[in-house]
Structures are given as C-alpha cells and as structure tokens.
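Asker: Turn this into a model:
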Amino acid sequence: MFERYTEEARRAIFYARAEAVNSAAKFITPAHLLQGLMWDPHLPTCPLSAVKAHESELRTLLKAPARPANKVPAELSRDVGLDQDAKKVLAYAPQEAAVDNSYFIDADHLLRGILRFPNEASTALESIPLDLPTVRAASKVHRAKYPEKKTLYHRLFGSPLKAHRDLYIKLLATLAVMLLAGLLIRWLNY
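Answerer: Predicted structure coming up:
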C-alpha cells in the first residue's frame with residue numbers, strides 16, 4: 001500500500017502512530033498525522049518548515065501533549081488503526097501527488113491531504129495561517145527547485161504511461177509464452 005510513499009512520508013506516518021500510542025488513542029487521527037509531520041527534523045519542503053516553526057502553537061491548539069525529545073515510545077506493539085478522517089487524508093495524498101504530476105507521495109502531500117477537508121488538524125493549520133493554496137504554491141516552488149528522481153519503473157509504468165500498463169503486461173506475458181513454446185518445440189525435436 002505504501003510503495004509510492006517516500007521515506008519522509010512513511011516516517012511521518014510511523015511518528016503519527018507513535019503520537020497516537022503516546023496519547024493512548026484508539027485510532028490515528030489527522031491531528032496525529034500532523035504531529036507526525038512535525039516530529040521529523042529533516043523534512044525539506046517549505047510548507048513543512050512553516051509547520052515545524054509553529055509546532056508548540058499547533059500542539060496547544062490540538063491539545064496534544066509535548067513530545068519527548070525525538071524519543072519514540074517503547075510500547076509500539078499495540079495495534080492502532082486509522083480513523084475515518086485519517087483514511088481520508090491518506091486517500092487525498094495521492095490525489096495531491098497527481099496535482100503535482102508526481103508518482104511519489106511525499107510528506108507535503110500528506111499535509112495537503114489534511115488541508116483538503118475540515119478536521120481538527122486543518123482548523124489548527126488555518127489558524128497559523130496555512131491553507132491549501134499556500135501549501136500547493138510552496139510545494140510547486142520546491143518541486144521546481146528539487147525535481148523528483150524517476151525510477152525505471154516510474155518511467156515505464158508511472159503516471160504518463162499508466163494507461164498503457166495493462167498493454168505492457170500482456171505484451172510481456174505473450175513474449176514469455178512464446179519463449180516457453182519455442183523451448184518446448186526445440187526440446188520435443190531432440
């Protein structure tokens with residue numbers, strides 16, 4: 001499910017789970033996802049640095065406890081699922097990546113997923129003030145400065161050629177069958 005997510009986005013989701021465990025929540029919420037985005041000190045994009053700059057204010061607005069200094073809780077074995085709003089955020093993140101014409105889902109796409117609909121995290125973000133058009137503009141500037149590295153898979157099956165993916169799979173399957181048939185005929189002739 002998370003193969004398109006960058007390392008930063010995966011870490012943010014991991015830290016969101018840690019935040020949910022720290023607060024003894026039953027589910028991961030958009031507020032936990034926002035807190036997970038604030039946890040990582042190495043997030044590169046401009047809108048995320050703006051969020052990081054207002055971390056204490058956002059934690060106060062979300063009524064979230066102060067996080068221990070970059071310490072992940074030891075008790076992460078407890079299973080914590082996603083609530084409906086967190087599932088919406090994870091559904092909107094790929095759509096935001098598509099807006100950027102990006103195959104990979106980055107941490108700023110998670111932030112934009114949070115801002116796509118009313119929830120406690122989006123309300124807190126709008127109070128600092130940070131809104132969806134501002135974050136999209138900052139992401140666009142960042143992506144122009146640091147374009148994503150495209151993998152071979154992305155070049156073959158990524159967003160520009162996604163419509164032809166089934167055709168490529170059928171072509172490869174046909175070639176494999178033809179190769180096996182050729183080998184079988186050659187083996188039967190000996």
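
Asker: Just give me the neighbour total for the residue nearest to Ala9 when sequence neighbours are not counted.
Answerer: Residue nearest to Ala9 in three dimensions, not counting chain neighbours: Ala107, with 4.9 Å by Cβ to Cβ, 6 or more residues apart in numbering. Using the backbone N, CA and C atoms, a C-beta is placed for each residue, glycine as well. Applying other Cβ atoms under 10 Å, we find 26 other residues in the vicinity of Ala107.

Asker: And Lys87, by the same measure?
Answerer: Around Lys87 there are 14 other residues, counting by other Cβ under 10 Å.

Asker: Isn't His32 up against Ala25?
Answerer: Yes - assessed by Cβ atoms under 8 Å, His32 is found in contact with Ala25 at 6.9 Å.

Asker: what's the single longest helix in this structure?
Answerer: The residue-count maximum for a helix in the chain (DSSP state H) belongs to helix 165-189.

Asker: avg pLDDT for that one?
Answerer: Taken as a whole, helix 165-189 has a mean pLDDT of 87.

Asker: And His32 and Ala25? Which one has more around it.
Answerer: Ranked by neighbour count (other Cβ under 10 Å), His32 and Ala25 place His32 first, with 28 against 15.

Asker: Who are the contact partners of the more buried one?
Answerer: 16-17, 19-20, 23, 25, 86 (Cβ atoms under 8 Å, 6 or more residues apart in numbering).

Asker: Which pair of the residues you listed spans the longest distance?
Answerer: Checked with Cβ to Cβ, those reach their widest spread between Ser23 and Ala86, with 13.8 Å between them.

Asker: Between these two, tell me which one has more neighbours.
Answerer: Ala86 (24 against 15).

Asker: Toward the C-terminus from the strand or helix carrying the more buried one, list the very next helix or strand.
Answerer: Element membership for Ala86 (DSSP states H and E) is helix 84-99. On the C-terminal side of helix 84-99, the closest following helix or strand by DSSP H and E is helix 107-115.
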